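Asks: next input, structure requested:
(chains A, B, C and D)
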Number of protein chains: 4
Amino acid sequence: MPTHITPKDFEIKHLNMSPKIREECGVFGIYGVEDAAAVTTLGLHALQHRGQEACGIASFDGKFHSERHLGLVGENFTGKDLRQRLPGHVAIGHNRYSTAGQTLLRNTQPLFAEMDSGGLAIAHNGHLTNAYLLREQLVHDGAIFQSTSDTEVVLHLVSRSRRTSFIDRFIDALRQIDGGFAFVGITNKKLIGARDRLGIRPLVLGKKGDAYILASETCALDMIDAELVREIEPGEVVVITKDGAKNKIEFIRAFPKVPKRPCVFEFVYFARPDSIVGGQSVYEVRKRMGMRLAKECPADVDLIIPVPDSGVPAALGFAQAASIPFELGIIRNHYVGRTFIQPTQAIRDIGVRLKHSANHTLIKGKKVLLVDDSIVRGTTSTKIVRMIRDAGAAEVHFRSASPEIRHPDFYGVDMPSTDKLLAANYDLEGMRELLGADSLGFLSIEGLYSAIGDLTRNDEYPQFSDHCFTGEYPTSLVDNERKNSGENPQLSFLVDVA
Amino acid sequence: MPTHITPKDFEIKHLNMSPKIREECGVFGIYGVEDAAAVTTLGLHALQHRGQEACGIASFDGKFHSERHLGLVGENFTGKDLRQRLPGHVAIGHNRYSTAGQTLLRNTQPLFAEMDSGGLAIAHNGHLTNAYLLREQLVHDGAIFQSTSDTEVVLHLVSRSRRTSFIDRFIDALRQIDGGFAFVGITNKKLIGARDRLGIRPLVLGKKGDAYILASETCALDMIDAELVREIEPGEVVVITKDGAKNKIEFIRAFPKVPKRPCVFEFVYFARPDSIVGGQSVYEVRKRMGMRLAKECPADVDLIIPVPDSGVPAALGFAQAASIPFELGIIRNHYVGRTFIQPTQAIRDIGVRLKHSANHTLIKGKKVLLVDDSIVRGTTSTKIVRMIRDAGAAEVHFRSASPEIRHPDFYGVDMPSTDKLLAANYDLEGMRELLGADSLGFLSIEGLYSAIGDLTRNDEYPQFSDHCFTGEYPTSLVDNERKNSGENPQLSFLVDVA
Amino acid sequence: MPTHITPKDFEIKHLNMSPKIREECGVFGIYGVEDAAAVTTLGLHALQHRGQEACGIASFDGKFHSERHLGLVGENFTGKDLRQRLPGHVAIGHNRYSTAGQTLLRNTQPLFAEMDSGGLAIAHNGHLTNAYLLREQLVHDGAIFQSTSDTEVVLHLVSRSRRTSFIDRFIDALRQIDGGFAFVGITNKKLIGARDRLGIRPLVLGKKGDAYILASETCALDMIDAELVREIEPGEVVVITKDGAKNKIEFIRAFPKVPKRPCVFEFVYFARPDSIVGGQSVYEVRKRMGMRLAKECPADVDLIIPVPDSGVPAALGFAQAASIPFELGIIRNHYVGRTFIQPTQAIRDIGVRLKHSANHTLIKGKKVLLVDDSIVRGTTSTKIVRMIRDAGAAEVHFRSASPEIRHPDFYGVDMPSTDKLLAANYDLEGMRELLGADSLGFLSIEGLYSAIGDLTRNDEYPQFSDHCFTGEYPTSLVDNERKNSGENPQLSFLVDVA
Amino acid sequence: MPTHITPKDFEIKHLNMSPKIREECGVFGIYGVEDAAAVTTLGLHALQHRGQEACGIASFDGKFHSERHLGLVGENFTGKDLRQRLPGHVAIGHNRYSTAGQTLLRNTQPLFAEMDSGGLAIAHNGHLTNAYLLREQLVHDGAIFQSTSDTEVVLHLVSRSRRTSFIDRFIDALRQIDGGFAFVGITNKKLIGARDRLGIRPLVLGKKGDAYILASETCALDMIDAELVREIEPGEVVVITKDGAKNKIEFIRAFPKVPKRPCVFEFVYFARPDSIVGGQSVYEVRKRMGMRLAKECPADVDLIIPVPDSGVPAALGFAQAASIPFELGIIRNHYVGRTFIQPTQAIRDIGVRLKHSANHTLIKGKKVLLVDDSIVRGTTSTKIVRMIRDAGAAEVHFRSASPEIRHPDFYGVDMPSTDKLLAANYDLEGMRELLGADSLGFLSIEGLYSAIGDLTRNDEYPQFSDHCFTGEYPTSLVDNERKNSGENPQLSFLVDVA
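Replies: The predicted structure follows:
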């Protein structure tokens, strides 16, 4: 006989398994290599952790070629005819998470525009904080938008600029936008890159033989055996083009120099551990966060268990600093499907189980410390604490290797609004109670800066975009302010079904 | 043992089965009916003969909704959730053959633009003869095009017009374009329609209860039980909107009145035989063409066989006038797939056989007259004559129920260039020889006008756009002239793979 | 304002457009030609009218290759790699309508079995009247069925036969089955064909160079330029194989000779008009049906309108015999999609309109005679009569070019059960009233035989399988009798979703 | 200018990323729960690591329902209508890697047969070592196979058994087969399970409320909150059915009791670390392997780096035993696509990079020890050693946490043939040289047994199926012997394209 079920369990639920913070995007560009598109697929694959929703590549061989898909690079850019489909020695690519604009193919980048000066394909990591305002003005002036992506604003600004040279027009456009951004683009002749004036979003320059590469992270350079030249500077525009038989690179400072403020979340969560950010190994920084955390918020436990996979380096650091065994107490299921149907038979916290399983034998009767990189909403953390407790742990303690997240981001990080951020709504004891943990601790801001290390040798603060922890936003937030004051009218967007 | 095959047969050929003249498009719009999109699918289905390459519907219910597909209406606009996908009391739809722009989903109509004045979705039958010139100017002024369709030019012209009211902006745009066109569009509040100043492309107004309908042909009105109000006049703009609880219709003359010159090919080939064009039954006109042809070019034969399906009414008329039996000597295969693989074993004229089969028993030993609506390239006609002869006919005569086509079209009819038009390159005897027919005859221009009937009661000539027969183009052909003089630079279009 | 609609119109209806009688299947086989599969696609395309639900091809080149799809031949057997996918000089193919078994890919033919004697692929047109009984016995003996198709019974009978040679085993199997069938099959070495003992289902033999062809109809031979050798005799098995360098054909009489009784519906409806059945042109027979009908049931009308397309030859014959104009009063829409959504706005008889439109101008005020090949349920006929009357006809008369259908078929024709056959439930006046026609007439059985012509020179009756008109079934109907007596238990079929 | 490339790089390569040993399959069954199919999707998801090629579920609610797909459970068994598609309180499911039979949907399990005694759906983990011989005999006796899967042999044996009760027939079938297997099946009334006489393949019994569960591993029980009852004994058949309102379970010993010999690879590689096998935590066993390895083959290094993910527990054990830091020196990319196109520009070991990246900063200048669970072909290990060396390691040592694999498996583990097994062809020094490691070590057989722990308290050897290390196969290998002696004729399998 079927086990008894309660009526509320009857409803069908799709169990979605999305990450807690969604990365904004990854970009890649290469100039001067045979099969530029094939190399770009490898670069984008290395950057896949920065966005899995959609991907696109544009190449140029006298004509522009473009292909955009929903899904992963490795699922889409396959087929022996890739070289025929995307020929050329120049290509750019994009992995996307939607931070602005609906999840539609027509919002997938690279975006393309044919202009008086020729074609321009462009891809973008970040978010413009005055995109709505600019869009309104542009539409008022007769511009027609093909997407709901904020990136398209830049295309129109370039297209309408009264400057003569393409680079001047591009810079003209950049000076009108605000926010955090890293652009890669190709024109009839050039590969271009640009980073916002504060360097909020990352962009690095690499070299492989004669070829130049632009990428969001150094791990994309490693993938294709290229060497890191340096990070693109805040406010810098880089232009790669041909000079006779050689490739020429030109650096243009599009904005006055100000102290840089790269996004601190690249260290906390986004960047791959094997990437180098600001001269620092991300893996080492995360381990140091864990080590510092061990000092700031020690825990008397038998085992340290990372919340996989993002909590692993910090947990290792904590374990080494505290000389407590590091153990794999949570097994991650890598074969993640999109959706499952909730059986009427109630199974508690099924969403978490689909990705994570508790290692019962290990946990039973033990005092356990869970280490994660951060706590955003707290919903997943709560379920994981409960899962570990259900597995028989004597005590369950929780540590976040970054400070309390109290403020939303507006520069390309898909984070929930303030009312959904755990730390914005509860004090430490309230959070601990909600999580159901025996103790709870967060790394301090100072601890975070200290872990990042020699970037912080001087005493100026802040040196990063750390507004999620501090509320100190590095730029104005026009669209957001207008939205809050009700000035920002909803544009009559098309609801495009297909 | 396999039969002998010659090396040249080894190559793989895809056997394409496309019609000889491809229609330009069909448009449909309805205002003031529940499930406007579902009604639009029926209207588009009735207009499916005007374009089978792609189809799209846009509806409005406070927001715009749009869905566009490659393929037939009945293959795509299905599913119980159609009402949810395309809600609203107003909708427009489009069946497309590409006469300009590549066959891509992003070229599929309706096109949409968000403007300062609100949203505009638009669909278009016809072709603009100065679209390239206008596009160049618009791109020069910073416009970014989302498609390669000439229709998008109109969106930009409306968007950039300095007039205040939407209708003034729309008319402002229409006055800048040249060529043959019938537009339907929806804004936040209105259903609009417009026809070019000479009425080259057709557009009719219908009514069903309180609802108004715009359609390319009356057969779309019959499909949904609507009654014909009248044809939209050349140069007329019609605006349907709400006036309190009722629907209001307004007619605006956007151009000075000139003698109308509708496209004569609607009678010859395009329109469905059960449609009424210019007050005349298309079926009756085609039968009269056949009757007149029987007088102008009689044939001493045993049987009259129509080339199916377009030659049927003329063949019936010919048979009735000449008192010769009308017989189905060619059987049409309606289950047409896209492509077949040519077997290495040579089979002559396989492309024609896939659509047509000779009725051997009927034909054997008989003197046969084939009647078709027209001859364009002559390639299919040649294969059909040969098929009938191979089936054992004693004699094979051929008659075209329209005059010799000697000039290409530039108003939305997909016709080959002059060097591929049979009658532009051969005299009557040359054509007869090429076709392999025992005799060949074409209806005269006078015969054509006479068959069309009381439209031609007055003596003014021409009364139609008959340039394919006469070379007298009713408008200027700016793009074409620039192209011929080499002035029209190829824009650096994106070659979009997906 | 949206027009008023009644509540019952709100429900969503999918408007299906299926033919009134569904043909059972078409088969094709070829031996001794390069690219046998490519030639088979052409043969199946010519037989597409016999089944559009699914299609399959099996070829042999040392190994068996097989591909089966839902949908049309021309939609599926495409792609430049067809030769690689289905290599070999021998192939068979099948077009299918489901008369037994669910519409699943695993029911799609050819079916294949590996046997002790080697592989066997088989395709089948017809229906076995003792398939259920045999299946039960086979399952009882441990056979495992892979499909719910009656064809598979034959595979098991062959596989379990205790005879030695393959042909003996095949004949052994044929002798156990009852019903109407035409089989084509391939083994490691042979192409085989077989026809039931009464020749109910058709099968013809053709030749093209050295290659032999088996096909349901001669139109498949015409398509590939092959010549008709003769019909396979009732109860005959034909075996084509290699004899040194040549192809050898062998004819085996598997059953004692009895008077043949081919299915009369091949003349009435199934066969393509350009096919030759029993030495007669199907087109000519249908015209003679119309001529005879004109004598048996004359009508005083202005116009004769065929119900397209199946009524056309009979209508032509009627018109010629009665000297009344034949006119295209109903326009058929060939771009038929699968399903449409019924708008809430009621549109009467929308299902019929999707396929047929009335030619209003022609019909208005006229006395009209509609001629169709047959009347089955009468539902479509009723809607067509109403459509013609709504178009303004002064009188609407209806004639069926075949006798009243009063009995179902069990030999492969998908016909409704007795309670849904119009003529089984109403007398002539009742039918006329239901149809809403001013008069109604059916061809007599004698008229039908007379139209078929010289097949009927001798006086023996019946000479055809005409049980649908007469109730005289040519074979026993074991499954049906057991079903009626409740003896036939429902087997626990798997409901296979995918 | 494009960098120079050598001609051999021009060829297009698809970079495949498959695991080194492929697991055989996972099975799951549940009786007595609402939405049995939805629960089964969760169970299969937990077992996804055992097979990712295809998956299938069969349920029973009076009728059998079945759905089978290529790909992952979470990609396929979705959609709100899952309950409608697969209704019932009983269901079984299967995750598959092909160890026998082509990768075709018709080989995907569960397989179904309708028998005299009713329907039977069956799924199978393992491999039958006399399947070919039995198949030959069955085909000789007239059986027709629907798949090339060895599982189908069992269906035919059951179907043809002369016993009366279903369970007797099932046991009759089991007694004829040899090899390693775990079966789950459903009949009209029962859920059944069975394990081979030596318990080579795993199967556990769980309970959740009144419902009974069968699964390959305990992690599937954890997923659905069920408790482990016990492992199914070697040679045991379990039958779950309804007894009035309750569910009844019956245990039948189908084979005489012999010492069990479960597959040792479940500990080494297959089972998920959080599963309990033979009463032991797999995670703990693996850690102990690493600890023992640290004693048997110590290494003087700075860091211990696991080859992710399978080497992690052993590396942790090694690090803890040796007090050397455990570090994440290899980052695994989880977003694995199927195929990439190799750029003409040569990138060394690109296949490995697509999955693994070296953490350069960490590795540079360090003496590194890589720990993996085993070495099969050695190709991936070679590339990983090279990748670590390229990243700047001063020394690279390698340890395998299991003994040398010298013999292939025939019980459901997809392992290469002897000529491709590294340890079967090289001595230790030869292997070290090939791998390019500074030192190489393998765990001893004794070490392995010792790590497995209290299972080995008694002194009998062997206690596991450890033939891959020892060559001592626990059963006869009929098919393999016949194949080697050339007796095993290739059956004329159909090459089924679709």
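
Asks: and the longest helix seen in chain A, what does it pack onto?
Replies: Using DSSP state H, we find that the single longest helix of chain A is helix A:282-296. Secondary-structure packing of helix A:282-296 (3 or more C-beta pairs under 8 Å, 6 or more residues apart in numbering or on different chains; DSSP states H and E): helix A:312-322, helix A:445-452, helix D:360-363. In short, each C-beta sits where N, CA and C put it, glycine included.

Asks: for the first one, C-alpha coordinates in PDB please.
Replies: These are the backbone C-alpha positions of helix A:312-322, laid out as PDB (Å, rounded to 0.1, in the frame of the first residue of the first chain):
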ATOM      1  CA  VAL A 312      37.100  23.800  -0.600                       C
ATOM      2  CA  PRO A 313      40.100  26.200  -0.600                       C
ATOM      3  CA  ALA A 314      38.900  28.100   2.500                       C
ATOM      4  CA  ALA A 315      38.100  24.900   4.300                       C
ATOM      5  CA  LEU A 316      41.600  23.500   3.500                       C
ATOM      6  CA  GLY A 317      43.100  26.800   4.800                       C
ATOM      7  CA  PHE A 318      41.000  26.600   7.900                       C
ATOM      8  CA  ALA A 319      42.000  22.900   8.500                       C
ATOM      9  CA  GLN A 320      45.700  23.600   8.000                       C
ATOM     10  CA  ALA A 321      45.700  26.600  10.300                       C
ATOM     11  CA  ALA A 322      43.600  24.800  13.000                       C
END
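
Asks: what's the burial count for A:Tyr473?
Replies: 18 (other C-beta atoms under 10 Å in any protein chain shown).

Asks: go on, the one 5 residues further on?
Replies: Using other C-beta under 10 Å, A:Val478 is surrounded by 19 other residues.

Asks: show me the contacts for the residue lying closest to it once chain neighbours are set aside.
Replies: Closest residue to A:Val478 apart from its sequence neighbours, by C-beta to C-beta, 6 or more residues apart in numbering or on different chains: A:Asn130 at 4.1 Å. A:Asn130 sits next to A:177-179, A:476, A:478-479 when contact means C-beta atoms under 8 Å, 6 or more residues apart in numbering or on different chains.

Asks: one more time with 6 Å, if that's ok
Replies: By C-beta atoms under 6 Å, 6 or more residues apart in numbering or on different chains, the contact list for A:Asn130 reads A:178, A:478-479.

Asks: export the residues you listed to TSV and tack on pLDDT?
Replies: What follows is these, written out as TSV (pLDDT from 0 to 100):
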residue	pLDDT
A:Asp178	94
A:Val478	86
A:Asp479	85
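
Asks: out of the residues you listed, who's nearest C:Arg272?
Replies: A:Asp479 (66.4 Å; C-beta to C-beta).

Asks: count of neighbours near that closest one?
Replies: By the criterion of other C-beta under 10 Å, A:Asp479 has 25 neighbours.

Asks: how much space separates it from A:Lys364?
Replies: A:Asp479 sits 52 Å away from A:Lys364, going by C-beta to C-beta, to the nearest Å.

Asks: now do A:Ala123
Replies: Separation of A:Ala123 from A:Lys364 (C-beta to C-beta): 50 Å.

Asks: out of the two, which sits in the more crowded spot?
Replies: Taking neighbours as other C-beta under 10 Å, A:Ala123 and A:Lys364 compare with A:Ala123 leading, 28 against 13.

Asks: which SS class is that one?
Replies: Following DSSP: H, G, I helix; E, B strand; the rest coil, the label given to A:Ala123 is strand.

Asks: list the buried ones in stretch A:24-31?
Replies: Of the residues in stretch A:24-31, A:24-31 count as buried by neighbour count, 16 or more other C-beta atoms under 10 Å in any protein chain shown.

Asks: quick check: mean pLDDT of it?
Replies: Mean pLDDT, stretch A:24-31: 93.

Asks: got phi/psi on the closest residue to A:Leu191 other than its chain neighbours?
Replies: Nearest residue to A:Leu191 in three dimensions, chain neighbours excluded: A:Tyr31, at 3.9 Å (C-beta to C-beta, 6+ apart). With angles defined as degrees, to the nearest 10, A:Tyr31 sits at phi -130, psi 120.

Asks: what's the spacing between A:Tyr31 and chain B?
Replies: 19 Å (C-beta to the nearest C-beta, to the nearest Å).

Asks: you'd agree that residue is up against A:Gly88?
Replies: No. Applying C-beta atoms under 6 Å as the test, A:Tyr31 and A:Gly88 come out as separate, 10.2 Å apart.

Asks: quick revisit: contact partners for the residue nearest to A:Leu191?
Replies: A:90, A:191, A:212, A:240.

Asks: can you list the residue ranges for strands in the stretch 151-300 of chain A?
Replies: Under the criterion DSSP state E, counting those that start in this stretch, strands of the stretch 151-300 of chain A are mapped to A:179-187, A:191-195, A:204-208, A:211-215, A:227-231, A:236-243, A:246-253, A:276-277, A:280-281.

Asks: any chance of JSON lines for these, columns mean pLDDT?
Replies: Shown next, in JSON lines, are these (pLDDT from 0 to 100):
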{"stretch": "strand A:179-187", "mean pLDDT": "96"}
{"stretch": "strand A:191-195", "mean pLDDT": "98"}
{"stretch": "strand A:204-208", "mean pLDDT": "97"}
{"stretch": "strand A:211-215", "mean pLDDT": "98"}
{"stretch": "strand A:227-231", "mean pLDDT": "97"}
{"stretch": "strand A:236-243", "mean pLDDT": "96"}
{"stretch": "strand A:246-253", "mean pLDDT": "96"}
{"stretch": "strand A:276-277", "mean pLDDT": "96"}
{"stretch": "strand A:280-281", "mean pLDDT": "94"}
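
Asks: okay if I get those as a markdown table plus mean neighbour count and distance to D:Asp81?
Replies: Converted to a markdown table, these look like this (neighbours: other C-beta atoms under 10 Å in any protein chain shown; distance: least, C-beta to C-beta, whole Å):
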| stretch | mean neighbour count | distance to D:Asp81 |
| --- | --- | --- |
| strand A:179-187 | 27 | 43 |
| strand A:191-195 | 27 | 48 |
| strand A:204-208 | 21 | 48 |
| strand A:211-215 | 28 | 43 |
| strand A:227-231 | 15 | 51 |
| strand A:236-243 | 19 | 52 |
| strand A:246-253 | 14 | 56 |
| strand A:276-277 | 22 | 47 |
| strand A:280-281 | 20 | 49 |
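
Asks: where does chain A have low pLDDT?
Replies: Scanning chain A for pLDDT under 70 picks out A:1-23, A:98-104, A:336-340, A:344-346, A:454-461, A:488-498.

Asks: can you give the domain ranges for it?
Replies: What automatic domain parsing lists as the domains of chain A is A:25-261, A:281-455.

Asks: and B:Lys207, which of those domains is closest to it?
Replies: Among those, domain A:25-261 sits nearest to B:Lys207 (C-beta to C-beta), with 33.1 Å.

Asks: since that was my last question, I'll sign off now.
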